[in-house]
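Engineer: Next one to model:
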Amino acid sequence: MKKAIQYTALLLSFLLISCEEVVDVNLDTASPKLVIEASINWLKGTDGNLQTIQLTTTTGYFSNTIPVVSGATIFITNSSNAQFNFIETPKTGEYICNNFIPVINETYVLTVIHDGATYNATEKLKSVSPISEIVQNNEGGFTGKNIEIKTYYTDPADESNYYLYKYIYSNQKKKNYYADEDTFFQGNKFFSISQSDDLKVGDEVTVSHYGISKAYYNYINVIVSIAGGNGGGPFQSPPATVRGNIINTTNAANAANYPLGYFAVSETDTRTYTIQ
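Structural biologist: Numbers count the residues shown, from 1 in each chain. Okay, here's the model as predicted:
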């Protein structure tokens, strides 16, 4: 009986091995697109002079390396035609400006010149209300048993405001982003809220609030939705490429010849909170 069981197990193992089949999936690789990461953030309490812009390109799905873009010319001008130049740290695709001057409600124009093409975007620097307090709730979440924190601020009255919230957790690699508008709390005290169910005593949470434009608010909502904010599903339409506000002015007639990324100019406030 014991031998019969052994033979049966051996036969099943052969059958399972014979059923294995390696499937090679040939994925089409599109031509690389330029990616411009140009978020100019003025942290409250600083002069905001130091700013960074990153240039990369898209790459294959299975690639572990993100190609950087070197040799570009990048500058930002304001309404007075003052020009702020971004100089690359050699071979990194990171371009740095040390003398940027942020002014609330000032209009800025980004210019990127690379590989014979010029890219432009225009954005206005939006203010953000200061963070007033962070409150911990040990009975949060859907179960009422999770730790959550609320970060409070007072929204300005008599004007429309849009916000981007970012939460970074010391015990996780992921970051949470979501956007908000003040339609239902204009002029009142309001809050952003953590979106992690795994907070524990001793964890650090870094919270950032950004003042953003309505156009950037709409862009962020689409990005969050595609990234999984709506849950997804097996029959959901495949994600589409999201266009930002950066335009290829050299070849504007070609609708497909546009870069990825967004030029945003924001005032921001940041706090770090340790879970008690």
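
Engineer: care to break the chain down by domain?
Structural biologist: In terms of domains, the chain is parsed into 34-127+242-267, 131-211 (source: automatic domain parsing).

Engineer: Would you convert those into CSV that also reports mean neighbour count?
Structural biologist: Using the backbone N, CA and C atoms, a C-beta is placed for each residue, glycine as well. Below are the domains of the chain laid out as CSV (neighbours: other C-beta atoms under 10 Å):
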stretch, mean neighbour count
domain 34-127+242-267, 16
domain 131-211, 16
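
Engineer: Select, out of these, the one closest to Thr274.
Structural biologist: With C-beta to C-beta as the measure, domain 131-211 is the member of the domains of the chain nearest Thr274 (5.4 Å).

Engineer: doesn't Ala215 fall inside a strand?
Structural biologist: No. Using DSSP: H, G, I helix; E, B strand; the rest coil, the assignment for Ala215 is helix, not a strand.

Engineer: so what's the spatially closest residue to Ala157 that is not a sequence neighbour up against?
Structural biologist: Setting aside the residues directly before and after it, Ala157 is nearest to Gly187 in space (C-beta to C-beta, 6 or more residues apart in numbering), at 3.2 Å. Counting by C-beta atoms under 8 Å, 6 or more residues apart in numbering, Gly187 touches Asp155, Pro156, Ala157, Asp158.

Engineer: distance of Ile101 from Asp47?
Structural biologist: Ile101 sits 8 Å away from Asp47, taking C-beta to C-beta, to the nearest Å as the criterion.

Engineer: those helices in the stretch 151-276 of the chain, which residues are they?
Structural biologist: According to DSSP state H, counting those that start in this stretch, the stretch 151-276 of the chain carries its helices in the segments 214-224.

Engineer: if we can go back for a sec, and the contacts of Gly187 as TSV, adding pLDDT and distance to Val135?
Structural biologist: Conversion of these to TSV gives the following (pLDDT from 0 to 100; distance: C-beta to C-beta, whole Å):
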residue	pLDDT	distance to Val135
Asp155	98	17
Pro156	96	21
Ala157	94	23
Asp158	88	27
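
Engineer: What segments of the stretch 51-200 of the chain are strands?
Structural biologist: With DSSP state E, counting those that start in this stretch, the ranges of strands along the stretch 51-200 of the chain come out as 51-57, 73-77, 83-89, 94-97, 107-114, 117-124, 131-140, 146-154, 162-169, 175-181, 189-193.
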